[in-house]
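Novice: kindly return the folded structure for what I paste below:
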Amino acid sequence: MGVVVVVVLAAMVQVAYCGGGGTTPNYREALAKSILFLEAQRSGVLPASQRVSWRSNSGLLDGKANGVDLTGGYYDAGDNVKFGLPMAFTVTMMAWSVLEYGGQMEAAGELGNALEAVKWGTDYFVKAHPEAKVLYGEVGDGDTDHGCWQRPEDMSTSRQAYRLDPQRPGSDLAGETAAAMAAASLVFRRSNPGYANQLLQHSKQLFDFADKYRGRYDASIPVARNFYQSVSGYSDELLWAAAWLFQATDDRRYLDYVANNADAMGGTGWSTGMFSWDIKYPGVQVLAAKILLHGKAGAHAAVLQRYRQKADFFVCASLGKQGSGNVKRTPGGLLHHQKWNNLQFVTSGSFLLAAYSDSLAAAGQAGVRCPAGAASPAEIMAFAKSQVDYILGSNPRGTSYMVGYGFIYPLEAHHRGASIVSVKSNPAFVSCRGGYATWYPRKGSNPNLLDGAIVGGPDEYDNFADERNNYEQTEATTYNNAPFMGVLARLAAGQGGGGRFDRSGLDNQTSLVPSLSAAADQAEHKSPIVIEQNATASWTEKGRTYRRYAVTVTNRSLNKTVHELYLGIASLYGPVTGLDKTRYGHVLPGTAPSVPAGGSVTFEYAHAAPPANVWVTGYKLV
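Specialist: Next comes the predicted model:
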């Protein structure tokens, strides 16, 4: 009997993968479930409309010790902490999903649920911003929370609230929250104008606070550092917030900010295929490109064209047409950035590709020029679809990485609430250590279905272990789902189905700006950074010839200094000296490394191979 089961499962895997074409994914069902998961992450007093019935009220004393009401909001993942940075990014991406594809959501019958999901987050942000220069950025702390395995309804861990103010700045967190509220103000502009105005006022105040009192939030809230460290800094969030405020207000001051700070804040210096709760540069670049395509750039057309080039890099790197800087893929074709929760980058990247593709098509653009060939809007959209289909089951394992969708999906999601019997079924208190003793090691399916959750996903070889303690692969997060809402709505509607969300005339498209020619691009917008490699020594060892290479990085700018230089290195098979490795590439050692105008820095590596590929990932030019 066991043999028969194995054969059947193998056949299911083969059918699911061989097609991408065997069975068409039910994008409408996946869209509905993607929003449903966010209800499982709600904190506070749950509304009468709550559909995830195994959850109940939680975190009802949040903020009380600080003299402020901080009930509500979202838990980020399988824990019970309310982390401000990923929550704000979640809300921004939910709002952007609605703005791009609200018409398609409405056609699928999910717009009302999507609006409720956005408002659940923004209602909390209004509470968390009680004064113009005060923002509460976290409730609870990961260290104590991760020492417990409890339902949110039973929490006995610390619910201390952590705040930002002029003495404890956090430009990244305040900037992202400003972006979320600006984007959400557009969502509610027509249906609830009073609320939209309230959100916009909070957004403006938060942006001013973030810009005037600069600093990384994880320096002011150090308990966040082990969980959501702001590696990319805060410049990307300031540009991101300004871009969203321009979208929401049409106030040219915000567009001036995006354009005038393009070099100094890295908006036109960063080239990356990674978009996430930490690094917003590709999002800023796509927004800037959309402003350009909509004919609203004005005197800033040349600068926004440079932003657009970086948006094009994101597309080329994702589609494998960039050369140096291409995003790696698994054998099954999934974009792969890191082993821990890789799908967060796939869902956010797929949304960016879809939104940019539609903007290019609407503007009558032929597509994107890449070093390895052009990419049309249809090709870009098709690639985004391939990533979505992989997540929904068109992969070598035939596994859906959305809980509750398809025939085979994760049953042991790393999630406290889902893995412990519902408080409604058994109200007996589950203690901090009791949960770890009884429920965490329990074999078998979670007692509560975490419907719609996008888990961390497979490794770089398409392997996946559905085990509760395998948190790198089985934990789900709100920011996995938020951008997925949008691209699922787009695919559910098919080619041109549904329609754009009503943004009350803010999207007037006039005077579309054509892209510059490739020659003009290279002549006018050459990078100020030049990289030279030279072999300085060679030797033979065990029959193999090794060479030592010296790499010189020169800032050829006449009067500006390169700061925060990030370098990508591929095809490297030996150690590097003179650089440090970080999440986004290699950096110069030291606390504040820089390369002055006309200056150079050198690093070395040695291996038995041709020269490695070295390129610039990002920099700021001041």
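
Novice: tell me where this protein has strands.
Specialist: 82-83, 135-139, 161-164, 328-329, 335-336, 529-541, 544-555, 562-570, 576-577, 580-582, 585-587, 594-595, 600-607, 613-621 (DSSP state E).

Novice: out of those, which gets nearest to Met402?
Specialist: strand 335-336 (16.7 Å; CB to CB). From N, CA and C alone the C-beta is placed, and that goes for glycine too.

Novice: list the neighbouring strands of that closest one plus their orientation.
Specialist: Strand pairing for strand 335-336, determined by DSSP bridges: strand 328-329 (antiparallel).

Novice: related to what we said a few turns ago, looking at the strands of the chain, which one is packed in the most?
Specialist: Among those, the stretch with the highest mean neighbour count (mean count of other CB atoms under 10 Å) is strand 82-83, at a mean of 28.

Novice: so can I have a markdown table of the strands of the chain showing distance to Asp211 and mean pLDDT?
Specialist: Below are those laid out as a markdown table (distance: least, CB to CB, whole Å; pLDDT from 0 to 100):
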| stretch | distance to Asp211 | mean pLDDT |
| --- | --- | --- |
| strand 82-83 | 23 | 98 |
| strand 135-139 | 13 | 98 |
| strand 161-164 | 13 | 98 |
| strand 328-329 | 36 | 97 |
| strand 335-336 | 33 | 98 |
| strand 529-541 | 27 | 94 |
| strand 544-555 | 27 | 95 |
| strand 562-570 | 18 | 94 |
| strand 576-577 | 36 | 94 |
| strand 580-582 | 25 | 92 |
| strand 585-587 | 25 | 93 |
| strand 594-595 | 22 | 94 |
| strand 600-607 | 30 | 95 |
| strand 613-621 | 16 | 95 |
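
Novice: reformat the ones you listed into a markdown table and put distance to Ala128 next to each item.
Specialist: A markdown table is the format used below for these (distance: least, CB to CB, whole Å):
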| stretch | distance to Ala128 |
| --- | --- |
| strand 82-83 | 9 |
| strand 135-139 | 4 |
| strand 161-164 | 9 |
| strand 328-329 | 37 |
| strand 335-336 | 33 |
| strand 529-541 | 40 |
| strand 544-555 | 41 |
| strand 562-570 | 29 |
| strand 576-577 | 42 |
| strand 580-582 | 30 |
| strand 585-587 | 33 |
| strand 594-595 | 35 |
| strand 600-607 | 42 |
| strand 613-621 | 30 |
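
Novice: out of those, which is closest to Ala476?
Specialist: Of those, nearest to Ala476 by CB to CB is strand 82-83, at 14.6 Å.

Novice: now for the closest one, which elements pack on it?
Specialist: If you count contacts as 3 or more CB pairs under 8 Å, 6 or more residues apart in numbering; DSSP states H and E, strand 82-83 packs onto strand 135-139.

Novice: for the strand it packs on, which helices and strands make contact with it?
Specialist: Packed against strand 135-139 by the contact rule (3+ CB pairs under 8 Å, 6+ apart) you find strand 82-83, helix 84-107, helix 111-128, strand 161-164, helix 171-187.

Novice: can you pull up the most central residue in the protein?
Specialist: The chain has Ser276 as the residue nearest its centroid, 2.2 Å off, counting by CA atoms, centre = their mean.

Novice: follow-up on the earlier one: out of the helices and strands packed on strand 135-139, deepest packed?
Specialist: By mean count of other CB under 10 Å, these have helix 171-187 as the most buried, with a mean of 31.

Novice: between the helices and strands packed on strand 135-139, which one is nearest to Leu61?
Specialist: Among those, strand 161-164 comes nearest to Leu61, with 10.4 Å by CB to CB.

Novice: about what we covered before: is it true that the residue nearest to the centre of the chain touches Tyr479?
Specialist: Yes. In terms of CB atoms under 8 Å, Ser276 counts as a neighbour of Tyr479; the distance is 7.4 Å.

Novice: shared neighbours of the two, which are they?
Specialist: Contact criterion CB atoms under 8 Å, 6 or more residues apart in numbering; residues shared by Ser276 and Tyr479: 89, 344, 348.

Novice: so which of those residues comes closest to Gln41?
Specialist: Distances from Gln41 to these, taken by CB to CB, are shortest for Phe89, at 13.8 Å.

Novice: if we can go back for a sec, and of the strands of the chain, who's closest to Gly63?
Specialist: Checking those against Gly63 by CB to CB gives strand 161-164 as the closest, at 5.3 Å.

Novice: quick check: which ranges of the stretch 351-500 of the chain have low pLDDT?
Specialist: Counting by pLDDT under 70, the stretch 351-500 of the chain shows low-confidence ranges at 495-500.

Novice: hmm, back to that, show me what contacts the residue nearest to the centre of the chain?
Specialist: So Ser276 contacts 89, 344-345, 348, 479 (CB under 8 Å, 6+ apart).
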